[in-house]
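Peer 1: here is a sequence with its predicted model. Questions after.
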Amino acid sequence: MKRADFIFCSLVLAACSRTPGASALPPFTPNQSKTSSSNFETLFRFTARTDGHVPVGVLLPLNGVFFGTTYFAGNANTSHGVVFEITTSGFETILHLFKGKSDGLGPYAGLIDVNGTLYGTTQEGGKHHLGTVYAITTAGSEKVLLSFGGANGSYPRANLLDVNGVLYGTTYFGGSHGYGTVFSMTTAGAETVLHSFKAGTDGSEPLDPLILVKGKLYGTTSRGGANDDGTVFAIDTNGKEEILYSFKGGKDGIEPFGGLTSVNGTLYGTTFYGGAYYKGTAYKITTAGAESVVHSFGSGTDGAAPTAGLTLYNGELYGDTERGGANGKGTIYEISPSGSESILYSFTGGDSGDQPYADLTASDGALYGTTLFGGGPKNFGTAFRFSL
């Protein structure tokens with residue numbers, strides 16, 4: 001089994017083993033006994049199946065609140081995921097409960113805002129049970145725009161990217177060769193496959209969102225490349241693709257898991273494995289393909305296994321690791337573009353949460369994020385804030 005699939009399957013099995021909560025879907029769930037320590041505060045604990053659980057996607061700030069998704073949740077008979085809204089005071093509203101089948105199932109990615117309408121993907125569901133692209137208003141009116149069918153991609157896991165009203169994204173599998181795609185689509189649902197990955201030196205299985213730098217799209221594949229340890233690629237909006245870099249494994253990094261971030265035209269990202277301690281890296285790469293490791297995770301109480309990418313705020317980069325730290329439950333860290341790293345917070349499990357997975361969101365002097373687990377006896381995850 002591939003490493004990315006193993007991580008995801010473990011996540012699914014762990015979530016499925018939790019005890020279901022109440023069957024009624026509350027329109028509004030109050031904040032639950034916030035836990036705070038220094039700059040860290042637990043805003044919300046997912047305590048019932050109807051709240052949502054396993055919040056995988058990054059939080060989207062919009063009009064003073066945050067929008068997000070959970071991979072699981074539902075009523076007593078379903079567990080297909082939700083779209084939720086949460087305030088900075090820790091109050092949650094469920095906007096949409098996915099019904100499975102043609103409606104979509106399992107939103108792995110977060111949401112993006114295009115002129116006040118939110119767009120996202122579900123990893124499964126749709127007409128062919130291979131994933132969807134959907135639109136949803138901030139009032140909760142949802143519509144499936146596209147159902148993936150295999151040849152046009154399958155199992156989308158990454159956030160979409162808006163470029164002048166055109167949506168760009170990736171699928172983990174599918175396409176002409178079965179190893180994933182890069183696609184574009186209109187907000188009305190008309191899709192074009194720009195590139196089908198071939199595996200081998202071309203790369204395969206893209207997990208992360210695309211970014212736009214000087215008119216070109218950049219992304220990563222979790223596998224493939226010259227050494228099958230993943231790649232960084234560039235692609236123009238017409239579909240011409242170029243592999244900028246193939247990871248070499250070992251100290252160089254293995255399996256880029258978090259997306260890319262541009263700092264003055266230089267791209268920064270993370271790998272889940274590799275580095276000096278084999279517990280992941282932060283790296284930088286020029287748009288010409290010159291790569292270097294800026295930090296190796298895993299020494300002492302440092303974080304380990306960064307599934308999230310890096311978030312730029314006031315000239316510094318911030319991220320979280322799924323594991324490591326003082327308690328082995330994950331960390332929030334700061335890293336300069338030159339590679340100087342410090343741990344800002346070590347998760348403790350319990351009310352503070354366990355296993356931060358998604359990218360951090362910077363807003364109004366604070367970092368916001370989620371943990372997959374922890375948060376109370378149900379262990380359904382948390383939303384948190386870290387003040388800078």
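Peer 2: Looks like it came in fine.
Peer 1: give me the helices and strands touching the longest strand seen in the chain, please.
Peer 2: Counting residues, the longest strand in the chain under DSSP state E turns out to be strand 254-263. For strand 254-263, the packing partners by 3 or more Cβ pairs under 8 Å, 6 or more residues apart in numbering; DSSP states H and E come out as helix 3-16, strand 211-213, strand 216-221, strand 231-235, strand 266-273, strand 311-313, strand 316-321. For glycine as for every other residue, the C-beta is placed from the backbone atoms N, C-alpha and C.
Peer 1: and with 10 Å instead?
Peer 2: In terms of contacts (3 or more Cβ pairs under 10 Å, 6 or more residues apart in numbering; DSSP states H and E), strand 254-263 is packed against helix 3-16, strand 211-213, strand 216-221, strand 231-235, strand 266-273, strand 281-285, strand 311-313, strand 316-321.
Peer 1: output the ones you listed as JSON lines; include the columns mean pLDDT and distance to residue 48.
Peer 2: As requested, the helices and strands packed on strand 254-263 are arranged in JSON lines below (pLDDT from 0 to 100; distance: least, Cβ to Cβ, whole Å):
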{"stretch": "helix 3-16", "mean pLDDT": "48", "distance to residue 48": "14"}
{"stretch": "strand 211-213", "mean pLDDT": "98", "distance to residue 48": "36"}
{"stretch": "strand 216-221", "mean pLDDT": "98", "distance to residue 48": "36"}
{"stretch": "strand 231-235", "mean pLDDT": "98", "distance to residue 48": "41"}
{"stretch": "strand 266-273", "mean pLDDT": "98", "distance to residue 48": "31"}
{"stretch": "strand 281-285", "mean pLDDT": "98", "distance to residue 48": "36"}
{"stretch": "strand 311-313", "mean pLDDT": "98", "distance to residue 48": "30"}
{"stretch": "strand 316-321", "mean pLDDT": "98", "distance to residue 48": "25"}
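Peer 1: including mean neighbour count and distance to residue 72, could these go into CSV?
Peer 2: Formatted as CSV, the entries for the helices and strands packed on strand 254-263 read as follows, by neighbours: other Cβ atoms under 10 Å; distance: least, Cβ to Cβ, whole Å:
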stretch, mean neighbour count, distance to residue 72
helix 3-16, 15, 5
strand 211-213, 16, 28
strand 216-221, 25, 26
strand 231-235, 23, 31
strand 266-273, 25, 22
strand 281-285, 24, 30
strand 311-313, 17, 25
strand 316-321, 26, 20
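Peer 1: tell me which of these sits nearest to residue 254.
Peer 2: The minimum distance between residue 254 and these falls on strand 266-273, with 3.7 Å, by Cβ to Cβ.
Peer 1: partners of the closest one in the sheet?
Peer 2: strand 254-263 (antiparallel), strand 281-285 (antiparallel) (DSSP bridges).
Peer 1: please convert the ones you listed to a markdown table, extending it with distance to residue 61.
Peer 2: Written out in a markdown table, the entries for these read as follows (distance: least, Cβ to Cβ, whole Å):
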| stretch | distance to residue 61 |
| --- | --- |
| strand 254-263 | 17 |
| strand 281-285 | 24 |
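Peer 1: between those strands, which gets nearest to residue 274?
Peer 2: Closest to residue 274 of the strands paired with strand 266-273, according to Cβ to Cβ: strand 254-263, at 3.8 Å.
Peer 1: chain center to that closest one: distance?
Peer 2: Centroid separation for strand 254-263 versus its chain: 11 Å, with Cα atoms, centre = their mean, to the nearest Å.
Peer 1: and the angle for it with strand 216-221?
Peer 2: Strand 254-263 and strand 216-221 meet at an angle of 150 degrees, taking axes from the mean of the first three to the mean of the last three Cα atoms, to 10 degrees as the criterion.
Peer 1: list the buried residues in strand 254-263.
Peer 2: Residues of strand 254-263 classed as buried under the neighbour-count rule (16 or more other Cβ atoms under 10 Å) are 254, 255, 256, 257, 258, 259, 260, 261.
Peer 1: check stretch 39-55 too.
Peer 2: Of all the residues in stretch 39-55, those buried under the rule 16+ other Cβ under 10 Å are 40-55.
Peer 1: repeat that for stretch 287-305.
Peer 2: In terms of neighbour count (16+ other Cβ under 10 Å), stretch 287-305 has its buried residues at 287, 291, 293, 294, 295, 296, 297, 298, 302, 303, 304, 305.
Peer 1: about what we covered before: out of the strands paired with strand 266-273, which comes closest to residue 159?
Peer 2: strand 254-263 (7.8 Å).
Peer 1: quick one: mean pLDDT for the closest one?
Peer 2: Averaged across strand 254-263, pLDDT comes to 95.
Peer 1: same check on stretch 98-114?
Peer 2: Here the average pLDDT along stretch 98-114 is 94.
Peer 1: model confidence for the closest residue to residue 235 other than its chain neighbours, exactly?
Peer 2: Once flanking residues are discounted, residue 235 sits nearest to residue 241: 4.4 Å by Cβ to Cβ, 6 or more residues apart in numbering. With respect to pLDDT, residue 241 scores 97.
Peer 1: for residue 53, same thing?
Peer 2: 87.
Peer 1: contact partners for residue 71?
Peer 2: For residue 71, the contact set (Cβ atoms under 10 Å, 6 or more residues apart in numbering) comprises 8, 11-12, 15, 52-57, 79-82, 98, 105-109, 122-123, 372, 381.
Peer 1: okay, angle between the longest strand of the chain and strand 316-321 too, please.
Peer 2: If you take the same axes, to 10 degrees, strand 254-263 sits at 150 degrees to strand 316-321.
Peer 1: quick check: angle from strand 254-263 to strand 231-235?
Peer 2: What separates the directions of strand 254-263 and strand 231-235 is an angle of 50 degrees, with the same axes, to 10 degrees.
Peer 1: fine by me, thanks again.
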